[in-house]
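Asks: Sequence and computational prediction follow.
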Amino acid sequence: MPTWDTPRSAASALLLCRLGLERDVPEALTLAGTGLTLALLRRPGLDVTGAQELQVLRNLQAACPDPALALAAGTRYHLTTYGIWGFALASSPTVRSALDLGARFVDLSFTFCGLTVEESDRELSIVLHDEGVPADVRAFVVDRDMAGLQTIVWELTGGALPLLRLSSRRPAPADVTPWTEVFGRPPEFGADRNVATLDGRELDHPLPQADELTAAATERQCRELVDRRRSRTGVAGQVRDVLLRSPSDLPGVDLTAAGLHLSTRTLRRRLASEGTSYRGLVDEVREALAEELLGAGIPVEQVSRRLGYAETSSFTHAFTRWKGTSPRAFARARR
């Protein structure tokens, strides 16, 4: 499995789908082959796989062959798009510490490239390694990620830290104007590496939203989120993804196994080797969704129906078993 094909927030796939709609690309075309829908992408807390997002990106590129489309996408990746990772960057003391944190928890970003940070006496270079990105979307990915990086730096500093240099392995486009408009200067195309270089002397100024307590709390949340997502790889992660697609009509283990091209016996054995079971995953998905829906103020009866329970009493019994309190008491405590 590629290093980028791990669970990630659906926010990026949703952003790409919305960009497609603005360019008159139908939802069904942008999401073809992903098993996703726009309604599903709008579900708070939903994760998708890297492969699903890459297919969205590939579909959008094929349907809308604008050479600058990836740049337009990248400029929409605001700090808030990244969730807790973005908040952690914004609350960091300095640009240097923000970049260090960003690199350590890069799995929480939407890049498909590897990322390393190189520093000399006067400069800091952020290197995007695209060798593991499929060739047919490599240029799009690099353009998007470079524009996204520029957007992050701009929002962190209020535009006070422009890029010194930018180089890209992609071939030069026929018209470099969109690149100049986004980055303030045309990149060096056809270079050996994808590199964004910043003035190292400007990296230790305090960030405007720096906050010591928030920085510590969000870094801890980043670490916990990375751990949770890494635990969702393998067959267990695939089963969770299947269950999340239709929580009101959960497929049985036989149907799920068939969808994963496994026998039921093999699926059960592989889940056991990963320390879980099909029933355990069903409970886990239902518990997480129940917390989310109750926390959003949705009535208990509606939550019960959305999670596929025939009777509210059955849902109440299950929720009390999971959380040690009734769903109504849980909802009241969240208000």
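Replies: Noted; the coordinates are in hand. Numbering: from 1, shown residues only.
Asks: Could you list the buried residues of stretch 281-288?
Replies: Leu281, Val282, Glu284, Val285, Arg286, Glu287 (16 or more other C-beta atoms under 10 Å). Bear in mind the C-beta positions are built from the backbone N, C-alpha and C, glycine included.
Asks: The host helix or strand of Ala329 - contacts with which helices or strands?
Replies: Using DSSP states H and E, Ala329 maps to helix 327-334. Applying 3 or more C-beta pairs under 8 Å, 6 or more residues apart in numbering; DSSP states H and E, one finds that helix 327-334 contacts helix 278-295, helix 300-306, helix 312-323.
Asks: Point out where the stretch 101-250 of the chain drops to low pLDDT.
Replies: The stretch 101-250 of the chain contains residues with pLDDT under 70 at 231-233.
Asks: again, only this time at 80
Replies: The stretch 101-250 of the chain contains residues with pLDDT under 80 at 121, 160, 227-234, 241, 245.
Asks: mind listing the helices in it by residue range?
Replies: Assigned by DSSP state H, counting those that start in this stretch, the stretch 101-250 of the chain shows helices spanning 138-157, 177-183, 212-230, 234-245.
Asks: which two in the buried residues of stretch 281-288 are spaced the farthest apart?
Replies: Using C-beta to C-beta, these span at most 10.5 Å, a distance reached by Leu281 and Glu287.
Asks: one step back: would you mind saying which of the helices of the stretch 101-250 of the chain lies nearest Ala258?
Replies: Between Ala258 and the helices of the stretch 101-250 of the chain, the shortest separation by C-beta to C-beta is 10.7 Å, and it involves helix 234-245.
Asks: Can you give the distance from the closest one to the centre of its chain?
Replies: Relative to the centre of its chain, helix 234-245 is centred 16 Å away, using C-alpha atoms, centre = their mean, to the nearest Å.
Asks: list residues touching both of Leu281 and Glu287?
Replies: Counting by C-beta atoms under 8 Å, 6 or more residues apart in numbering, no residue touches both Leu281 and Glu287.
Asks: Torsion angles phi and psi at the residue lying closest to Asp204 once chain neighbours are set aside?
Replies: Counting by C-beta to C-beta, 6 or more residues apart in numbering, Asp204 lies nearest to Thr94, which is 5.0 Å off, once chain neighbours are set aside. Note on Thr94: backbone dihedrals following degrees, to the nearest 10 are phi -140, psi 170.
Asks: quick one, phi/psi of Pro247?
Replies: phi -60, psi -20.
Asks: okay, now it: neighbour count?
Replies: 18 (other C-beta atoms under 10 Å).
Asks: Next: Glu181.
Replies: 12.
Asks: returning to that earlier point: okay, the buried residues of stretch 281-288 in CSV with distance to Thr81 and pLDDT next?
Replies: Formatted as CSV, the buried residues of stretch 281-288 follow (distance: C-beta to C-beta, whole Å; pLDDT from 0 to 100):
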residue, distance to Thr81, pLDDT
Leu281, 29, 89
Val282, 31, 91
Glu284, 27, 83
Val285, 25, 86
Arg286, 28, 89
Glu287, 27, 87
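Asks: still on that earlier bit, could you give me the buried positions within the helix holding Ala329?
Replies: In helix 327-334, counting by 16+ other C-beta under 10 Å, buried: Pro327, Phe330, Ala331.
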